[in-house]
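Visitor: For reference, the sequence and a predicted model appear below.
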Amino acid sequence: MDFELIKQRIDELIAEIEQHNYNYYVLSQPNITDFEFDQLLSELAQLEKNYPNLVASNSPTQKVGSDLTRNFKSVKHRYPMLSLGNTYNEQELTEFDQRIRKQIGDGFEYVCELKFDGLAIGLRYENGLLMQALTRGDGTFGDEVTQNVKTISSIPHQISAVMLPQDFEIRGEIVMTRSGFNSFNQERIAQGEQAFANPRNAASGSIKMIDSEKVRLRPLECFLYALHGDNLPFSNHYDNLKAAKSWGFQVSDFRQKVDSLEGVFEFIEYWNHHRSQLDFDIDGIVIKVNDYELQRQLGFTAKTPRWAIAYKFKAEQVVTQLQSITYQVGRTGAVTPVANLDPILLAGTTVKRASLHNADIIASLDLHENDFVKIEKGGEIIPKIIEVDLQQRMADSKPIQFITHCPDCGTALVRMEDEAAFYCPNEWNCPPQIKGRIEHFVGRKMMDINMGQATVNLLFEKGLVRNISDLYTLTAKELYTLEGFQQKSVSNLLQSIQNSKSIPFEKVLFALGIRYVGETVAKKLASYFEDMEHLQSATALELQMVDEIGERISESVLNYFSQPNNNQVIQNLKNSGIQLKIQRNLQNYPDKLKGQTFVISGKFSMDRDVLKEQITNYGGKNLSAVSSNTDFLIAGENMGPAKLKKAENLGVKIISDVEFFKMIE
Ligand code: IVH
C-alpha cells in the first residue's frame, strides 16, 4: 500500500474512533456495537504496528476514551484509571497467558470476574467516610460526581470496620439492573420521552445528570472490583475484595480463583451460557493476576495493565424467520423498513422486529420473502439482521421489493441523489409526517408541551390540529371532545401550551423540524441571525458564513423557507406570541462584541466551544471561515499557515485567546 494512503487510512480511523468514543462516553449513545468498535481499534493498532513512525501522539491506541463533560468539576485521579486490553478469542488469551508465564514463571493464580457493562467509578474513602466519586474521564482526570453517586443505595456513605484502611480508593462499575431498566424505560416511553437503548447507556446518562434528586429515582447499582491504597489488609486482589465485601460494599460472588488457563476457559464458557440469567448486563470476563507483587512486576503499557485482560463475549446471535416487512414513514418523510420476525429469545428478551434502515441494506443482504435470518443485538434496542441463512431459503421465494408508494398516503416515493433513504414527498398531507412534526415540536427539548403521542393522534384524527401553529388556537371546548379529557387534563394542557410561548427562539427553531437543523445548529443560526425575519431572508452565502454551516444545511434551510406553507405557519406562530427573536441577558453579558465577527482556528488550552459561547454571549458572531467580513481571527496553536496568511492579507486582526478574554473583561 502506498504510504500516503496508509496515513490517510490512519487519520480516518482516528477520527472515526474519536467520534465513537464521544458517542459512547459523553453522549451515552453509541451507534455501533462494541465488536465493531474493537475492530476499528485493532485495524488502527495493526497499521501502527507495521508503520511505527506513523503513530500519532493523540492516537486512541495511546489513551483511554474520555467521558469528561463540561458539567462537572474535573479532578485528577490519585491512581490513573486505565482501561483493559480486549480479546474476543481463545488464541489471544493463550498468548496473554504465555507472555505472563514467560515473565513471572508458573505457580501463580488468576482471578476471573464478570465484566460489568456500565460506567467505571472510583470512590475515595477517608476515615471511613465517602469523600469523592470520580468517573474515569480521560484516565488522568475524571468528572467529580460525588453527589450523584451518594444517591445509590448500595454505596455506603460511612463505614466502620476492622482492618479498614484510613485512606483508600475502591473502584467499580455503576450499572442499571435489567428489571429496573425495563420498568424505567417503559415509564419514559409512556411520558413521551426518548427511551434508552440499553441499561449501560441509561446508567451512564443517569450519572451525568445535573440534578442529584433525579439520579436518586434511577434504579442504579454499583459492583466493586478493585482496591487501591497504601495500607490494604492483604497483598492480593481476591482477599482484599473479600474484605471489601465484609465492610459493606457490593462485591459480586461470581468470581473465582483459578491456577490454569483451562480454569479460565471453563469460567468463560459457564458465563457465556448463563449470562442471560443475570439481572444486569455483562459484556465479558475479566482475568487478573491475583498477587499484587506479581502485578507490579508485570507492570503497565500506556493504557492497560499487563497483568489483566478482558475476554469480550460476541453479541449473541440467533436464527429466526422473516414474516413480513413494515414500512414506517417518519416526520421528514423518510421511509424506514422494519422486519417482522418469528418471535425468538435473544439476550434475555423476546425479539419480534429488526431494523433494516433502508433499501440498500435490504439489497446488500439479498433478503427474500420468508428467509431465515441471523440476528444480533448490538448497542440498540432493536436488533439487526446480520445475514441470511441461504441453506434454509425456499426455492421459489422472491426477493423483497422495496415499496414504490407511500404506505400511508399512496404518493410515489422519491430518492434524493446521494441518499440511501426513499422519501414520501407529500409533506403537507401525509398523516405520519404531519403527526411526526407535531410530536417533534412538542418534545421536551423543544417547546416542552406536555403532550404524548396518543394526544397528538387524537388531535389529528379529530381534525383539531393540522400543523404546529394550530396548537395555539385550541380551545377548552375542543379539548373536552377528546376521549379521556377532563377538566384537569384540559387545563394542564392549555397551561402547558401557554407556557411554551416563553420558550427561547433557538428552541423554537429546533422545534420547527427543519431537516438537519438539530439542537446545536439551531443555536448557531439563532445567535447569528438573532430573529426569524433575518433568517428567513438569508441567502445561501450568508447562511454558510455561520460557523459550522455548510452547503447541505444551508440548502435545507433555504428549501424550508421557500415553501409558502412554512412561512404561513411561522406567521401564525408569530401572531400567537411565540418567541421568534433571541433574548440576550444583558445584565450578565453586556453587548461588548456587538457587530464584531470572529473565526477561531488552531488548538487552545480550553474547548473551542467555550470561546464560541463567550463570543455569542457578548453579542459577537462566529463565522465559519476567514473572509473580508471577518473582524478577528483568534489564533491557537498549530494553526495552518495558509489561513494565517489569508487573514493577514485581508487585514483581519489576529489575536490570541488571552487577548480575546481581555476584550470582554
Ligand atoms: S478491572 C486497570 N474488573 O471494564 C483496569 N474492570 O474495559 C482495571 N470493568 O474500565 C479494571 N468489570 O470500567 C475491572 N471486574 C472488572 C470489571 C471492569 C467491568 C470495566 C471497567 C474498565 C473497563 C475496561
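Guide: Done, it's in.
Visitor: What residue in the stretch 51-200 of the chain comes nearest to the ligand?
Guide: Using Cβ to the nearest ligand atom, the single residue of the stretch 51-200 of the chain nearest to the ligand is residue 120, 3.2 Å away. To be clear about C-beta, it is placed using only N, CA and C from the backbone, and glycine gets the same treatment.
Visitor: pLDDT wise, what is the closest residue to that residue other than its chain neighbours at?
Guide: Using Cβ to Cβ, 6 or more residues apart in numbering and skipping the chain neighbours, the partner closest in space to residue 120 is residue 136 (4.4 Å). On pLDDT, residue 136 comes in at 93.
Visitor: does residue 258 have beta-bridge partners, and which?
Guide: Assessed by DSSP bridges, residue 258 has beta-bridge partners residue 110.
Visitor: tell me, how many neighbours does it end up with?
Guide: When neighbours are defined as other Cβ atoms under 10 Å, residue 258 has 17 of them.
Visitor: do residue 641 as well
Guide: 7.
Visitor: Would you quantify the distance from it to residue 601?
Guide: 11 Å (Cβ to Cβ, to the nearest Å).
Visitor: Next: residue 567.
Guide: Residue 567 is 37 Å from residue 601, by Cβ to Cβ.
Visitor: Grab the nearest non-local neighbour of residue 459.
Guide: residue 465 (4.1 Å).
Visitor: Kindly report the same for residue 323.
Guide: Nearest one to residue 323, counting by Cβ to Cβ, 6+ apart, is residue 340 at 4.6 Å.
Visitor: Secondary structure element for that neighbour, which one?
Guide: strand 334-346 (DSSP states H and E).
Visitor: Give the other helices and strands that that strand contacts.
Guide: Here strand 334-346 touches strand 317-329, strand 349-355, strand 372-376, strand 422-423, going by 3 or more Cβ pairs under 8 Å, 6 or more residues apart in numbering; DSSP states H and E.
Visitor: And whichever residue of the stretch 551-665 of the chain sits closest to the ligand, what's its pLDDT?
Guide: Relative to the ligand, the nearest point of the stretch 551-665 of the chain is residue 607 (23.8 Å; Cβ to the nearest ligand atom). pLDDT for residue 607: 76.
Visitor: The nearest residue to residue 624 once chain neighbours are set aside and residue 75, how far apart?
Guide: Of all residues not flanking residue 624 in the chain, residue 547 sits nearest, at 5.0 Å (Cβ to Cβ, 6+ apart). Using Cβ to Cβ, residue 547 is found at 31 Å from residue 75.
Visitor: How about residues contacting the longest helix anywhere in the chain?
Guide: Using DSSP state H to define each element, the chain has its longest helix at helix 3-21. For helix 3-21, the surrounding residues in contact (Cβ atoms under 8 Å, 6 or more residues apart in numbering) are 30-32, 37, 40-41, 43-44, 47-48, 51, 54, 56, 58-60, 65-66.
Visitor: Now, of these, which are buried?
Guide: 30, 32, 37, 40, 41, 44, 47, 48, 59, 60, 65, 66 (16 or more other Cβ atoms under 10 Å).
Visitor: Could you list which of these belong to helices?
Guide: 37, 40, 41, 44, 47, 48.
Visitor: Return the member of the residues you listed nearest to residue 314.
Guide: residue 37 (13.1 Å; Cβ to Cβ).
Visitor: Which residue, other than its chain neighbours, is closest to the closest one?
Guide: Using Cβ to Cβ, 6+ apart, the nearest residue to residue 37 is residue 20, at 5.5 Å.
Visitor: number of nearby residues for the one you found?
Guide: 19.
Visitor: ok, so what distance separates it from residue 152?
Guide: 28 Å.
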